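In: Whatever this is, show me its structure:
(2 chains)
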Protein chains: 2
Amino acid sequence: MDNHGHHEEHLKRRDTLCDIVIGMSDGLTVPFALAAGLSGAVNSTNIIVIAGIAEIAAGSIAMGLGGYLAGKTEQDHYNSEVKREYYEVENLRHKEIEETKEFFASIGLSEELQNKATEEIAMDKKQWVDFMMKYELGLEKPDPKRATKSALNIGLSYIVGGLVPLSPYFIVEEPVNGLKISVGVTILCLFVFGYFKSKITGVNAWAGALRVMLIGALAAGAAFGVAKLFEG
Amino acid sequence: MDNHGHHEEHLKRRDTLCDIVIGMSDGLTVPFALAAGLSGAVNSTNIIVIAGIAEIAAGSIAMGLGGYLAGKTEQDHYNSEVKREYYEVENLRHKEIEETKEFFASIGLSEELQNKATEEIAMDKKQWVDFMMKYELGLEKPDPKRATKSALNIGLSYIVGGLVPLSPYFIVEEPVNGLKISVGVTILCLFVFGYFKSKITGVNAWAGALRVMLIGALAAGAAFGVAKLFEG
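Out: Here you go, the predicted structure:
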């Protein structure tokens, strides 16, 4: 029981970190690249600031509400599947018995144990449905507050991330100067962010930091090039 | 075996659809909102087109490569966990036996069956590791080509989605006129997109269509308001 609670805490913390990574990842990259792209095409930081702020507002809301929707959808999907499993356990018992046996066969148990294990599990309906949800369908019971939390985490991370590359344009007047500071600050932040992101996901942190930084630079370079092209 | 292959096909199709949904969802919303925001703040569609194109380039690359990274990370994570499980099965057999028993206890098997089932599973090392990966850690073996496919699916969907709200600004000259057509076209596309997205995820399609449409409208409204505010 204690172990189970610990596992859930762990999953929640993981979900939160995942949200922050999603929001900040795009927040650091897209407004950065947009501002860089515009720096090559317009001659006033004013427009870059307006476009950047509009993008941060749009992006944080779209991604935040997207996260909310994803959370709600997960919840709805889980609830409708639970209902279906209860229905099947009551009315299609034979089929469910077959599926449960198939699970035990798939992990390598003998015919004898397949039957015995299925028999034991099927004794309690709730236990049986829980088992089918988790191991036949691979669905974890979602946290009911998840959708709202997810929206806030993603949205705020996007705003925080987005203000980093945009802030230099608030201070300087020449787009090119803003771009120089923005590139320096953002590349550094992408590197640090990539480092911690990789630490969390358990891959090589330095390689991860480099990869995240390169993505940001590539996106900004492409945006700059494309904007230059369309300006001409 | 056939059932298993069918299951994998199903998962692959699901992954592809999921990529398209991720890319198109943000592609339809963010460039739409950015262009709407700028329509309230600048007096030439030229800047909106440049900013929009820069945003689509930035967004598609950032999201596409983000998807690539996510795929690669999943792969690396899976491989390192497989190695660890093999190590533990060889060197910490006692601990692994305990964990396997715990799994069978958690699904509701009796002490006797916990022991017997664990014994059978532990007879074959590969089978045992496969079992631990899937049911202790909840990790599915990822498709090796997944990262590249995912990047392409997300990136292209973002571009396709982003060109919808931007295209009116290519044709008309007055930002406000572009905005009117863009709102009409995009709201319609968001509705249709939301409808199919909900069909796929198995929630009420009309409610889902409405929700997706509202998110887009909200993001665009906020971007418009914020850009107006910063312009003044």
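In: Name the residues of stretch A:82-100 that are buried.
Out: A:82, A:85, A:88, A:89, A:96, A:97, A:100 (16 or more other Cβ atoms under 10 Å in any protein chain shown). (C-beta placed from N, C-alpha, C; glycine too.)
In: pretty sure the fifth one contacts residue A:129?
Out: This points to residue A:96. No - using Cβ atoms under 8 Å, residue A:96 is not in contact with residue A:129; the gap is 9.3 Å.
In: got any residues that touch both of those two?
Out: residue A:89 (Cβ atoms under 8 Å, 6 or more residues apart in numbering or on different chains).
In: want to throw the buried residues of stretch A:82-100 into CSV with secondary structure, pLDDT and distance to chain B?
Out: Below are those laid out as CSV (DSSP: H, G, I helix; E, B strand; the rest coil; pLDDT from 0 to 100; distance: Cβ to the nearest Cβ, whole Å):
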residue, secondary structure, pLDDT, distance to chain B
A:82, helix, 92, 13
A:85, helix, 92, 14
A:88, helix, 92, 16
A:89, helix, 91, 14
A:96, helix, 92, 14
A:97, helix, 93, 15
A:100, helix, 93, 10
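In: With distance to residue A:37 as added columns, please give these in CSV.
Out: Compiled in CSV, these are given as follows (distance: Cβ to Cβ, whole Å):
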residue, distance to residue A:37
A:82, 47
A:85, 50
A:88, 54
A:89, 56
A:96, 56
A:97, 60
A:100, 56
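In: Pull the most distant pair out of the residues you listed.
Out: A:82 and A:97 (18.9 Å; Cβ to Cβ).
In: For chain A, just list every one of the helices.
Out: With helices called from DSSP state H, chain A shows them at A:2-39, A:45-91, A:93-106, A:111-121, A:125-131, A:146-171, A:175-201, A:205-231.
In: Which secondary structure elements does the first one sit against?
Out: Packing contacts for helix A:2-39, counted by 3 or more Cβ pairs under 8 Å, 6 or more residues apart in numbering or on different chains; DSSP states H and E, involve helix A:45-91, helix A:146-171, helix A:175-201, helix A:205-231, helix B:45-91.
In: With distance to residue B:135 as added columns, please give the ones you listed in a markdown table.
Out: Below are the helices and strands packed on helix A:2-39 laid out as a markdown table (distance: least, Cβ to Cβ, whole Å):
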| stretch | distance to residue B:135 |
| --- | --- |
| helix A:45-91 | 18 |
| helix A:146-171 | 23 |
| helix A:175-201 | 21 |
| helix A:205-231 | 28 |
| helix B:45-91 | 12 |
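In: pLDDT score assigned to the residue in chain A sticking out farthest from the centre?
Out: Most distant residue from the mean C-alpha position of chain A: residue A:112, 42.8 Å away (Cα atoms, centre = their mean). Looking at residue A:112, its pLDDT stands at 93.
In: Check residue A:57 too.
Out: At residue A:57, pLDDT is 91.
In: Near it, how many other residues are there?
Out: 27 (other Cβ atoms under 10 Å in any protein chain shown).
In: Surely it is in contact with residue B:36?
Out: No - using Cβ under 8 Å, residue A:57 is not in contact with residue B:36, being 10.3 Å away.
In: Now for those two: what residues contact both?
Out: What both residue A:57 and residue B:36 touch, as defined by Cβ under 8 Å, 6+ apart, is the set residue B:223.
In: which stretches of chain A aren't confidently modelled?
Out: Applying pLDDT under 70 to chain A flags the ranges A:1-11, A:232.
In: how long is stretch A:138-146 end to end?
Out: Taking Cα to Cα, to the nearest Å, the first and last residues of stretch A:138-146 lie 18 Å apart.
In: Residues contacting that stretch, please?
Out: A:11-12, A:15, A:71, A:74-75, A:77-78, A:81, A:133-134, A:149, B:138, B:140.
In: before we move on, back to that, of the buried residues of stretch A:82-100, just say which sits nearest to residue A:208.
Out: Distances from residue A:208 to those, taken by Cβ to Cβ, are shortest for residue A:82, at 37.5 Å.
In: Contacts only, for residue A:37.
Out: A:220, A:223, A:224, A:226, A:227, B:50, B:51, B:53, B:54, B:55, B:57, B:58.
In: From residue A:229, how far out is the residue lying closest to the fourth one once chain neighbours are set aside?
Out: Looking back up the chat, that one is residue A:226. Nearest non-adjacent residue to residue A:226, counting by Cβ to Cβ, 6 or more residues apart in numbering or on different chains: residue B:57, 4.3 Å away. Per Cβ to Cβ, to the nearest Å, residue B:57 is found 10 Å from residue A:229.
In: same check, this time on residue A:143
Out: 46 Å.
In: what about these two, which has more around it?
Out: residue A:143 (16 against 13).
In: Could you report the neighbour count for the residue nearest to residue A:15 when sequence neighbours are not counted?
Out: Using Cβ to Cβ, 6+ apart and skipping the chain neighbours, the partner closest in space to residue A:15 is residue A:146 (6.8 Å). Residue A:146 is flanked by 20 other residues according to other Cβ under 10 Å.
In: Now for residue A:111: which residues touch it?
Out: Residue A:111 sits next to residue A:105 when contact means Cβ under 8 Å, 6+ apart.
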